[in-house]
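Participant: mind looking at a prediction? Sequence and model below.
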Amino acid sequence: MNVNDYISSGIVDSYVWGLANEADTKDVLQKAISNPEIAALLHELEIKLERFDMANAVPPPAGLRESVFRKINAIKNHSSNHQNIITMNQYSSQPARSGGSRFLVAACIVLLLGLAYLSYQFYTQKESLEKDKEELQAKLTTSDSILNKIAEEQKMVSDPNVTVVNMVGTQVAPRSSANIYWDSTSSSVFLVVKNMPKLTSDKQYQLWALIDGKPKDLGVFDVNDEKVILKMKNTQKAEAFAITIEEKGGKPSPTLEKMQSMGKTKAAL
Amino acid sequence: MGTTKIYTEADLIQNLKLRDDRAFGYLYDNYSGALYSVILQIVQDSDLANDVLQEVFVNIWRKIDSYDDSKSRLYTWLVYIARHASIDLIRSRSYRNNAKNQSLNDDAHVSSVPGQVVQQHVDGIGLRKVMLNLKEEHRALLELSYFKGFTHEEIAVMESLPVGTVKTRIRSALKQLRDILK
């Protein structure tokens, strides 16, 4: 590029007068940076244009200045209002920041609900456990008493003075069975029902001892406590034992047709 | 907005960018006349020029951040804004309808029409005045490009000239102004 040609082309002038297109504008600005002569011309022409226009200035009407600044102030106020709005947005964005704390509140509520649910669960569980405990306690008591009775039975069974009489079913009740534990030294009679049908509430079983062919009442019993040792009336002698079904409370003499079970004593054998 | 302070150009630009009231007051007091003159020469109507000048200063307020002092002096940027605002106005439909009426009046040689008074007035100021020293072919191209805002390509079509010739003649015209402006 020949600088003189560039300077005399008028392209710099066209930029200063605002008549250069985009490509020429870019070109002039680039050349002005790299070439001091072109930069000097650019500056000179700008000064010349400015001085010329200043010299040819036409004062605008007096009221125009005020009008201009009224408009500018209106924009300023609008934009400062706008800033206020932004400020308020920032202010109202504190709840947005507390969108975090809103989340915390929500989380707390969820947690509380969760805890309440758990407490309820635990309470219910405790109630049910307490109930279970009571049931177990009752069962334990029952089991203890059963165990004691079994232990008692075992003691009797292992006692050489105790005679065990195996009562077998008769033709009327072939599946009925029970054991009689008869302590000949103390005359004590114990009965353990093994399998006896349950009776209606107006009937009871009655145990008899047969002494010299005659029945002796040894008491009535129910089979509610199955396999539980029942203490019956004492007898010093017995050739055999028999169980009959009688009216509730028993009878002085057995109804032999309803004899459920019978067993002879070893001693009698 | 007192304008007692005298700014260097750098100070003025810095304070304008800070949207300083006093700097804008100073700007108006020192540059509005030059810009108003250019606006008048383009729109050729004082009422419209008043509107354009206000619009220009509002635009300066709005756009001062986009002014780059490495690309031009402040005034070069200001007058560019003023010229384009003026050209936008004369290209608007309402202005053209109005101008048609004026030219009818011109044809009828009615000299009492205000617009014509302005016309006669603006011919005596600024570039319009010094342009009279140029050759007709140069004057016509400056009229179309500087005062009417047509591009080189548009002028080439209008004047049935190659774009290169339009560009060369405009540059030549502006170059001659270097000596005339002093």
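Facilitator: Sure, I can see it. Just so we're clear, the structure is a prediction, and the values are computed from it rather than from any experiment.
Participant: helix or strand with the lowest mean pLDDT in chain A?
Facilitator: Least confident helix or strand, chain A: helix A:63-97 with a mean of 66, by mean pLDDT, DSSP states H and E.
Participant: check which element follows it along the chain.
Facilitator: helix A:99-158 (DSSP states H and E).
Participant: that following helix - what's its average pLDDT?
Facilitator: For helix A:99-158, mean pLDDT rounds to 84.
Participant: enumerate the residues of chain A near chain B.
Facilitator: By CB under 8 Å from any CB of the partner chain, the part of chain A that sits against chain B consists of A:8-11, A:13-14, A:16-19, A:21, A:29, A:43, A:45-54, A:56-61, A:64-65, A:67-69, A:71-72, A:75-76. The C-beta positions use only the backbone N, C-alpha and C, and glycine is treated the same way.
Participant: and with 6 Å instead?
Facilitator: With CB under 6 Å from any CB of the partner chain as the criterion, chain A meets chain B at residues A:9-10, A:13-14, A:17-19, A:29, A:46, A:48, A:50, A:52-54, A:56-60, A:64-65, A:67-68, A:71-72.
Participant: quick one: buried ones out of those?
Facilitator: A:9-10, A:13-14, A:17-19, A:29, A:46, A:48, A:50, A:52-53, A:56-58, A:60, A:64-65, A:67-68, A:72 (16 or more other CB atoms under 10 Å in any protein chain shown).
Participant: what residue ranges in chain B score low on pLDDT?
Facilitator: B:1-4, B:99-122, B:182 (pLDDT under 70).
Participant: list the contacts of the lengthiest helix in chain B.
Facilitator: Looking across chain B with DSSP state H, the single longest helix is helix B:21-43. Applying CB atoms under 6 Å, 6 or more residues apart in numbering or on different chains, the contact partners of helix B:21-43 are A:53-54, A:56-60, A:65, B:1, B:3, B:7, B:12, B:15-16, B:49, B:52-53, B:78-79, B:82-83, B:86, B:89-90, B:122, B:125-126, B:128, B:147.
Participant: and what of stretch A:211-221?
Facilitator: By CB under 6 Å, 6+ apart, the list of residues contacting stretch A:211-221 from outside reads A:189, A:204-209, A:230, A:232-233, A:237, A:250, A:254.
Participant: so which one among those has the lowest pLDDT?
Facilitator: A:Leu230 (78).
Participant: quick revisit: and the longest helix of chain B, how far from the chain's centre?
Facilitator: 11 Å (CA atoms, centre = their mean, to the nearest Å).
Participant: next one: stretch B:14-22
Facilitator: Distance, stretch centre to chain centre, for stretch B:14-22: 24 Å (CA atoms, centre = their mean).
Participant: what comes up buried for it?
Facilitator: B:Asn15, B:Leu16, B:Arg19, B:Asp20.
Participant: first to last residue in it, what's the distance?
Facilitator: End-to-end span of stretch B:14-22 (CA to CA, to the nearest Å): 12 Å.
Participant: equivalent analysis for stretch A:3-21, please.
Facilitator: 20 Å.
Participant: stretch A:178-188 now?
Facilitator: Span of stretch A:178-188 from end to end, CA to CA: 16 Å.
Participant: which residues sit against that stretch?
Facilitator: By CB under 6 Å, 6+ apart, stretch A:178-188 touches A:156, A:161-165, A:167, A:189-194, A:234-236, A:241, A:261.
Participant: buried ones among those residues?
Facilitator: A:156, A:162-165, A:167, A:189-193, A:235, A:241, A:261.
Participant: which ones among those lie within helices?
Facilitator: Filtering the buried ones among the contacts of stretch A:178-188 for helices - DSSP H - leaves A:Met156.
Participant: any idea how far A:Thr200 is from the residue lying closest to A:Lys203 once chain neighbours are set aside?
Facilitator: Once flanking residues are discounted, A:Lys203 sits nearest to A:Ile245: 5.5 Å by CB to CB, 6 or more residues apart in numbering or on different chains. From A:Ile245 across to A:Thr200, the span is 10 Å (CB to CB, to the nearest Å).
Participant: neighbour count: these two, which is higher?
Facilitator: A:Ile245 (21 against 8; other CB atoms under 10 Å in any protein chain shown).
Participant: what does chain B put close to chain A?
Facilitator: B:28, B:32-34, B:36-37, B:40, B:50, B:53-54, B:57-58, B:61, B:71, B:73, B:75-76, B:80, B:83, B:125-126, B:145, B:171-172, B:174-175, B:181.
Participant: show me how to select, in ChimeraX, the buried members of these.
Facilitator: Per 16+ other CB under 10 Å, the buried members of the residues of chain B next to chain A correspond to this ChimeraX selection:
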select /B:28,32,33,34,36,37,40,50,53,54,57,58,61,73,75,76,83,125,126,145,171,172,174,175,181
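Participant: what's the spacing between A:Leu210 and A:Ile180?
Facilitator: Distance check for A:Leu210 against A:Ile180: by CB to CB, it reads 12 Å.
Participant: more neighbours: these two, which one.
Facilitator: Remark: of A:Leu210 and A:Ile180, A:Ile180 carries more neighbours, 26 against 20, as counted by other CB under 10 Å.
Participant: which residues touch the residue in the stretch 51-200 of chain A positioned nearest to chain B?
Facilitator: Residue of the stretch 51-200 of chain A nearest chain B, by CB to the nearest CB: A:Ala57 (3.0 Å). By CB under 6 Å, 6+ apart, the contact set of A:Ala57 is B:Gly33, B:Ala34, B:Ser37.
Participant: output those in a markdown table, with distance to A:Ala107 appended to each entry.
Facilitator: Output for these, formatted as a markdown table (distance: CB to CB, whole Å):
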| residue | distance to A:Ala107 |
| --- | --- |
| B:Gly33 | 69 |
| B:Ala34 | 67 |
| B:Ser37 | 70 |
